[in-house]
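J.: Sequence first, then the predicted structure:
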Amino acid sequence: MGLFEKLFGIGGAGGQPRLQEVDAGTVRQWYESGDCLLIDVREEGEFRAERIRGAHLAPLSRLEGSLPSVPPGKKAVFLCQSGGRTRMQARRLASCELSDAYVLKGGLMGWKASGFPTERG
């Protein structure tokens with residue numbers, strides 16, 4: 001399976017790719033077991049205001065220069081506020097050449113709706 005197929009699930013409407021979404025419960029399991037790296041693509045002010053503890057900031061506005069190194073064998077899980085930015089930037093995220101990447105379904109809002117904690121400030 002090629003990089004494109006790993007990053008994206010079945011093609012979306014009109015042949016547009018879509019990121020493979022993973023629910024908050026699965027992402028939390030991966031995170032707690034050390035199987036993933038959370039990559040928050042929101043801007044710095046949003047990240048400072050509220051974030052998932054341990055997430056790495058890599059704003060879409062400067063993604064290429066701020067993307068953290070993902071250790072071999074770990075999944076990269078991208079997140080934004082609601083999942084919209086990650087879906088809209090699917091092609092750009094594909095250029096990051098990560099072997100095992102996903103997007104948190106519903107973003108930070110989906111995480112919180114599942115009752116999982118965030119930190120502020």
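T.: In hand now; what should we look at?

J.: Which strand or helix spans the residue most central in space within the chain?
T.: Nearest to the mean C-alpha position of the chain, by CA atoms, centre = their mean, lies Phe78 at 0.8 Å. Following DSSP states H and E, one finds Phe78 within strand 75-79.

J.: who does that strand touch, helix- and strand-wise?
T.: Counting contacts by 3 or more CB pairs under 8 Å, 6 or more residues apart in numbering; DSSP states H and E, strand 75-79 packs against helix 24-32, strand 36-40, strand 101-104, helix 107-113. Heads up, the C-betas are built off the backbone N, CA and C, glycines and all.

J.: starting at the chain centroid, how far to that strand?
T.: 3 Å (CA atoms, centre = their mean, to the nearest Å).

J.: and that strand with strand 36-40, angle?
T.: Angle of strand 75-79 versus strand 36-40, following axes from the mean of the first three to the mean of the last three CA atoms, to 10 degrees, is 20 degrees.

J.: Now do strand 75-79: everything it contacts.
T.: 19, 22, 27, 30-31, 35-41, 52, 55, 70, 86, 93, 96, 98, 100-104, 107-108, 111 (CB atoms under 8 Å, 6 or more residues apart in numbering).
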